[in-house]
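J.: After the sequence you'll find the predicted model.
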Amino acid sequence: MIKVHHLNNSRSQRVLWLLEEIGLDYEVVPYQRDAKTMLAPASLRRIHPLGKSPIIEDGPLRLAETGVIVDYLVSKYGRELEPAQSSEAHWGYRYWLHYAEGSLMPPLLVKLVVNRLGLLGRPARGYVDNQITLHLDYLDKELDPGPWFAGDTFSAADIMMSFPLEAATSRGGLNASRPNLMGFLARIHARPAYQRALSRGGPYAFAR
């Protein structure tokens, strides 16, 4: 059985959701963020030196990094969540799979740090906000007409895109002014597998 080292309110929620979409049995090992620092507990470092989540164990194999985990689980257990390599949608799928962490998450993380710096973060605030706006405008157009990032069929790329877009609703200014993105979030939140993942992972602040 796959074991998921799951940190609350983190990227690892996507791994639980993916496992539910595939229909695999798994065990959740829960960890809670420090209430003051919001950092992961030191106990996660016993599993991986960086103390980050998600981490999965599948027999003797231990993997960190959401993108690699998604690649592994889809290639081994959930091929139906990846467009065929011969299809036109395949490389769009690969693009969004990596764009989520490579391009979209960095400005959202910087925004989180800048907000916590208060006045010290003011010089960077305008630039970071402009970068987030640039990405959200781009994504809202890309989802017209939708419904999914890699075409007409739901895929693991949509799972990867979920966390940064959910985070953007709380700190990136994502709201009803971008109806295609908000429609995407409504569609994923309504999926039965998404709801099952919430029940397994515990409270998740970004599910609205």
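T.: Alright, I've got the coordinates. Numbering: from 1, shown residues only.

J.: Could you use CA atoms for every contact and neighbour count after this?
T.: OK.

J.: what helix or strand does the residue nearest to residue 33 when sequence neighbours are not counted sit in?
T.: The shortest distance from residue 33 to any residue other than its chain neighbours is 4.7 Å, reached at residue 40 (Cα to Cα, 6 or more residues apart in numbering). Secondary structure from DSSP states H and E places residue 40 outside every helix and strand.

J.: In this structure residue 40 contacts residue 32, no?
T.: Yes - using Cα atoms under 8 Å, residue 40 is in contact with residue 32, at 6.7 Å.

J.: picking up where we left off before, contact partners for the residue nearest to residue 33?
T.: 7, 31, 32, 33, 34, 51, 52 (Cα atoms under 8 Å, 6 or more residues apart in numbering).

J.: next structured bit after the helix or strand hosting residue 17?
T.: Using DSSP H and E, residue 17 falls within helix 12-22. Counting by DSSP H and E, the next helix or strand C-terminal to helix 12-22 is strand 26-31.

J.: partners of that following strand, with directions?
T.: strand 2-7 (parallel) (DSSP bridges).

J.: Show the average pLDDT along stretch 5-19.
T.: Averaging pLDDT along stretch 5-19 yields 94.

J.: which residues are contacting it?
T.: Contacts of stretch 5-19 (Cα under 8 Å, 6+ apart): 4, 25-26, 28-33, 40, 53-56, 66, 69-70, 73, 156, 159-160, 162-163, 193-194, 196-198, 200-206.

J.: Quick one: end-to-end length of it, please.
T.: Here the two ends of stretch 5-19 are set 13 Å apart, with distance taken as Cα to Cα, to the nearest Å.

J.: Next, the buried residues of the helix or strand containing residue 116.
T.: Per DSSP H and E, residue 116 falls inside helix 105-117. Applying a neighbour-count criterion of 16 or more other Cα atoms under 10 Å, one finds 105, 106, 107, 108, 110, 111, 114 buried in helix 105-117.
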